[in-house]
Structure formats: structure tokens, C-alpha cells
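Colleague: have a look at this prediction, sequence included:
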Amino acid sequence: MPSTTSIRIDQSLYDQAKTDAAIEHRTIAGQVEYWAKVGRAALDNPDLPVSFIAEALASLSEPHEQATPFIPRSRQA
């Protein structure tokens, strides 16, 4: 189990994380961690749209057995 650390955040940010966490089926801590990962990746890749970054991170977290293999158009019948 990963170690954890408590931090203080603004109540309005906590409330938004609580709302979004319920929608996304995450814990509140998981929602804040997700935002941090997306934000970090966005800062590291300023030329990429945030929506692309969020989708890429989501696809990386999916189980590999559920992944659809990439088939180039030139090989499709």
C-alpha cells in the first residue's frame, strides 16, 4: 500500500473534488491525485491539449487485457 500524507487545501477545492469524485467514481483523494497528474503532465507538455492528456492518462490506467490493438489503416481490409 502506498504511503500517504495529509495536506490542507481550500474548502472550495475540496468540495469540487468531492463532487467530481462522485461523478468519476473516485475517492476524494483519488480525484485530487488525478487533477495533480493531469496538471503535471499539462505543464510538462504545454503544446498538448489538456483533454488529450486526460484521455492519454485514462488509457494508461485501463487494464491491458481490455485494450483494443492498433491496426494501421493500410492493413485494414
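Modeller: Looks like it came in fine. Numbering: from 1, shown residues only.
Colleague: what secondary structure does the spatially most central residue of the chain sit in?
Modeller: Closest residue to the average C-alpha location of the chain: Tyr34 at 4.5 Å, with CA atoms, centre = their mean. Three-state assignment for Tyr34 (DSSP: H, G, I helix; E, B strand; the rest coil): helix.
Colleague: contacting residues for it?
Modeller: Taking CB atoms under 8 Å, 6 or more residues apart in numbering, we find Tyr34 in contact with 24, 26, 57. Using the backbone N, CA and C atoms, a C-beta is placed for each residue, glycine as well.
Colleague: residue contacts, the last one?
Modeller: It stands for Leu57. Going by CB under 8 Å, 6+ apart, Leu57 touches 34, 37-38, 41.
Colleague: and with 7 Å instead?
Modeller: Applying CB atoms under 7 Å, 6 or more residues apart in numbering to Leu57 gives the contacts 37-38, 41.
Colleague: now the buried members of these.
Modeller: 38, 41 (16 or more other CB atoms under 10 Å).
Colleague: the contacts of Leu57 into TSV, with extra columns for secondary structure and pLDDT?
Modeller: Formatted as TSV, these follow (DSSP: H, G, I helix; E, B strand; the rest coil; pLDDT from 0 to 100):
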residue	secondary structure	pLDDT
Lys37	helix	94
Val38	helix	95
Ala41	helix	95
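Colleague: and of the contacts of Tyr34, the nearest to Gln11?
Modeller: Nearest to Gln11 out of the contacts of Tyr34 is Arg26 (CB to CB; 19.0 Å).
Colleague: specify the local secondary structure of the closest one.
Modeller: Under the three-state scheme (three-state DSSP), Arg26 adopts coil.
Colleague: how far away is Pro46 from Val38?
Modeller: 13 Å (CB to CB, to the nearest Å).
Colleague: picking that back up, could you dump the contacts of Tyr34 to CSV with distance to Tyr14 and pLDDT?
Modeller: Supplementary listing: these in CSV, determined by distance: CB to CB, whole Å; pLDDT from 0 to 100:
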residue, distance to Tyr14, pLDDT
Glu24, 15, 92
Arg26, 14, 93
Leu57, 22, 89
